[in-house]
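In: Okay, sequence plus prediction incoming.
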Amino acid sequence: MLMDILMTVAGLALLILAADILVRGASALAAGFGISAMTIGLTVVSVGTSMPELFVSVTAGLEGKADLAIANVLGSNIFNVLVVLGVAAVIRPLRVNNTSVVSEIPFSVSAAILLGFLANAALFSSKPELSVSRLDGAILILFFLLFLAYVFSTSKSGSQDTSDIPRRAASVSIAFVVAGVAGLYLGGQWAVDGAVSLAQRWQVDDALIGLTIIAIGTSLPELSASAVAAYRGETDIAVGNVVGSNIFNILWILGLTSSITPLPFEAVSNIDITMVVASSMMILLAVATSRTATISRGFGVFFILLYVGYLGYLIQRG
C-alpha cells in the first residue's frame, strides 16, 4: 500500500511541476508572438493549469476507468470555485469585471448544463444506457472551439502588454513545452495507477477517489496560480483562471476523452453536475450582492465551508 501512496503523491507532484513548466514555456512563446496578456491568461494559463486533469482523465478513459475520468473533471470544477476562488477571496476580495459576469461565467454554467443534457440524453431513447458518447464528445469540442473564437475576438479590443512575461529563445520555450507535456503524461499515469490501486485496497469506488484525491491534486496548479494572483492584486487573472479552467475541463477534456473512448455515465454523477452549476452560480450571487462587484472575504469563507460540507457528503455517499 505504501508504494501505491508514494506513486499517487509522486504523480500529483510531477503533474504540478510539469504544468508550471508548460505554462512558463507556452506563455513565453505566446508573448514572443505578440499575443495579448488577457488572451494568455484566458487560454495559456487556464489551459496549462488544467493539463493535469486532461492527462488524468484521458489516461483513466483509456484504461476503462470512466468513473475516474468524469469524477476528476467534475470534482476539479467544484474545487476550483469553492476552494480556489474561496482561498483567493480570503487573501484579497476579488473584483469581477463585467465581461466575466455577462459572458464567461454564464458560458461556464452552460457548459456544465450541456454536459448533463448530453450524458442523460439516452433517457429519451428506447435504451436508457447513460454515457458520454463519441458524438457527445464532438459536440463538447465544437463548443470549446466557439469559446476560443470568442476569446480571441474579444482580445482584439484590448491593448494589454506582455512586458511582465520573461522572454526566452523560441527553442528554449519549445523545450519547456515538450518537457511539460512529457511530465504531465508520466505524472498522469502514476497518479491514476496509484489512486486506482488505493481504491481497490480500501474498497472505495473510482468515482469517490476521482472527486476527492485526484480532483484536489490536479487542481493544485489552479490554486497556486489564483492565490498568487490575488496576493499580487491581479484579481482578473485569479477569477479568469478558474472560469477558463472550468470551461476547458468540461468542453475540451471530457470532449477529447469521450471522443477517444465513450464514457459510461452513472446517474449519481448528476448530483455532482448540479453542484458544478450551483457553485458557478454562486459567483454571480456573490457579485450581485456586492456594491463593488466583488467576491468578498465573507463569501470566500462561505465557499470553503461549503466545500467541506460537500466532502462530508461524498464520504457518506461513497
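Out: Nice, thanks for sending it over.
In: those helices in the stretch 151-300 of the chain, which residues are they?
Out: Along the stretch 151-300 of the chain, counting by DSSP state H, counting those that start in this stretch, helices occupy 170-201, 206-209, 215-218, 220-231, 235-247, 255-260, 269-288, 297-317.
In: Please produce JSON lines containing these, extended by distance to residue 64, mean neighbour count and mean pLDDT.
Out: Just so you know, the C-beta spots here come from the backbone N, C-alpha and C atoms, and that holds for glycine as well. Below are the helices of the stretch 151-300 of the chain laid out as JSON lines (distance: least, Cβ to Cβ, whole Å; neighbours: other Cβ atoms under 10 Å; pLDDT from 0 to 100):
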{"stretch": "helix 170-201", "distance to residue 64": "10", "mean neighbour count": "19", "mean pLDDT": "80"}
{"stretch": "helix 206-209", "distance to residue 64": "10", "mean neighbour count": "24", "mean pLDDT": "77"}
{"stretch": "helix 215-218", "distance to residue 64": "19", "mean neighbour count": "25", "mean pLDDT": "82"}
{"stretch": "helix 220-231", "distance to residue 64": "26", "mean neighbour count": "22", "mean pLDDT": "82"}
{"stretch": "helix 235-247", "distance to residue 64": "26", "mean neighbour count": "27", "mean pLDDT": "85"}
{"stretch": "helix 255-260", "distance to residue 64": "12", "mean neighbour count": "22", "mean pLDDT": "93"}
{"stretch": "helix 269-288", "distance to residue 64": "17", "mean neighbour count": "19", "mean pLDDT": "93"}
{"stretch": "helix 297-317", "distance to residue 64": "23", "mean neighbour count": "16", "mean pLDDT": "93"}
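In: These: which one's closest to residue 12?
Out: Closest to residue 12 of the helices of the stretch 151-300 of the chain is helix 215-218 (Cβ to Cβ; 3.8 Å).
In: Centre of the chain to that closest one, how far?
Out: Chain-centre distance of helix 215-218: 9 Å, with Cα atoms, centre = their mean, to the nearest Å.
In: that older thread, dump the helices of the stretch 151-300 of the chain into TSV; add distance to residue 86 as well.
Out: TSV is the format used below for these (distance: least, Cβ to Cβ, whole Å):
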stretch	distance to residue 86
helix 170-201	24
helix 206-209	22
helix 215-218	13
helix 220-231	10
helix 235-247	10
helix 255-260	28
helix 269-288	10
helix 297-317	3
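In: who wins for proximity to residue 101 among those helices?
Out: helix 269-288 (5.8 Å).
In: Can you tell me what sits against that closest one?
Out: 70-71, 74-75, 77-78, 81-82, 85, 96, 101, 105-106, 108-109, 112-113, 115-116, 119-120, 207, 211, 239, 243, 246, 293-296, 299, 303, 306, 310 (Cβ atoms under 8 Å, 6 or more residues apart in numbering).
In: now with 6 Å?
Out: Helix 269-288 has contacts (Cβ atoms under 6 Å, 6 or more residues apart in numbering) with 70, 74, 77-78, 81-82, 96, 101, 105, 108-109, 112, 116, 293, 295, 299.
In: again with stretch 214-230
Out: 12, 16, 19, 49, 52-53, 56, 72, 75-76, 79-80, 84, 87-88, 91-92, 195, 237-238, 241, 245.
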